[in-house]
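Novice: With the input below, show me the fold.
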Amino acid sequence: MNLSLYRDEDTWLHRLDPRTKMIGVMIIFVLCLCFNHPLYMAGMASAMFAIAVSSRAHPVLWNLRHILMLLILFSSVLWPFFIKGPTTVWTWETLTVSRESLLYGIAMGLRLATFVIAGMVFLATTRNEEITGGLIRMGLPYPMAFALVTALRLVPTFAGAGATIVQAQVSRGLDLESKNIFGRFAAFIPLAVPMFITAIRYTNLLSMALESRGFSPVTPRTMYYVSKMGKKDWGVLMALFFFLAVFLYLRLVCGVGAVMPGRL
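Specialist: Residues are numbered from 1 along each chain as shown. Purely as a prediction, here's the structure:
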């Protein structure tokens, strides 16, 4: 089972330098922190979804649609009980829900969803080799870059192994559909044993493969793929920094885009 998030397409986002995409994701995270009003955050989420569609990464988001909806739902339900606003809309004994807290909860859900969308679009349009090269070109030591990219590579591998184990047990009669949520959770516990064994075996094979190839983290490295910043990369970065300056001005100077001015 192949659960790799990368999609081999020829789009404008795929052709950008990996450093541009990494810096762009960080800027987008900061942009999302500028506002806590649901209308502004909805605009940010819509813009990120438009980028995903233009880069043909939207199938990845479709596979995560339930997680995105749960993030928005749980944030919208839980946040109003932890913060208070001046306009009360519902009160029961010691619990108070205000209009501002409701709007803030929705905005936080949209912010989390935008974070996830930005990260998934980055992983769907950037190869692991490009991430490694970009991190090294940005000054990150090779051992750290290698460890980070290896972790990204292992996540879909372990997820695929877990899905294969579940399918194999279901084909042998394991019932995961007729039980309640607690029963399903209890049925998944025995599956952790083969999952851990698979993870240990794969990690051992990976270490032996690296050792057989004479891998050394302190040896100077040469890269087959050398990324180069082009005019499109600088144009994208300039546009993102421009939006960052405008958003910071609107929030800090003009005070717009916040239902809770004292909160991020």
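Novice: quick one: secondary structure of residue 259?
Specialist: Secondary structure, DSSP: H, G, I helix; E, B strand; the rest coil: residue 259 is coil.
Novice: is it true that it touches residue 106?
Specialist: No: assessed by C-beta atoms under 8 Å, residue 259 is found out of contact with residue 106, at 9.4 Å. To be clear about C-beta, it is placed using only N, CA and C from the backbone, and glycine gets the same treatment.
Novice: Give me the common contacts of these two.
Specialist: residue 38 (C-beta atoms under 8 Å, 6 or more residues apart in numbering).
Novice: so where do the strands sit in the stretch 51-200 of the chain?
Specialist: For the stretch 51-200 of the chain, the strands defined by DSSP state E, counting those that start in this stretch occupy 88-92, 95-98.
Novice: Tell me which other helices or strands the longest helix anywhere in the chain touches.
Specialist: Longest helix in the chain, counting residues (DSSP state H): helix 142-171. Contacts defined by 3 or more C-beta pairs under 8 Å, 6 or more residues apart in numbering; DSSP states H and E place helix 142-171 against helix 128-137, helix 192-212.
Novice: By mean pLDDT, show me the worst of the ones you listed.
Specialist: Ranked by mean pLDDT, the helices and strands packed on helix 142-171 bottom out at helix 192-212, which scores a mean of 81.
Novice: residue ranges with poor pLDDT in the stretch 101-250 of the chain?
Specialist: 176, 179, 181, 184, 225 (pLDDT under 70).
Novice: ok, back up a step: how about the helices and strands packed on helix 142-171 in JSON lines, adding distance to residue 89 and mean neighbour count?
Specialist: Putting the helices and strands packed on helix 142-171 into JSON lines (distance: least, C-beta to C-beta, whole Å; neighbours: other C-beta atoms under 10 Å) gives the following:
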{"stretch": "helix 128-137", "distance to residue 89": "46", "mean neighbour count": "19"}
{"stretch": "helix 192-212", "distance to residue 89": "44", "mean neighbour count": "12"}
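Novice: Tell me which of the strands of the stretch 51-200 of the chain sits nearest to residue 124.
Specialist: Of all the strands of the stretch 51-200 of the chain, strand 95-98 sits nearest to residue 124, with 37.6 Å by C-beta to C-beta.
Novice: Are there helices or strands packed against the closest one, and which ones?
Specialist: Using 3+ C-beta pairs under 8 Å, 6+ apart: strand 95-98 touches strand 88-92.
Novice: Can you give the strand pairings for the strand it packs on, parallel or anti for each?
Specialist: strand 95-98 (antiparallel) (DSSP bridges).
Novice: Just the buried positions in the partner strand, please.
Specialist: 97-98 (16 or more other C-beta atoms under 10 Å).
Novice: Off-centre distance for it?
Specialist: Relative to its chain's centre, strand 95-98 lies at 31 Å (C-alpha atoms, centre = their mean, to the nearest Å).
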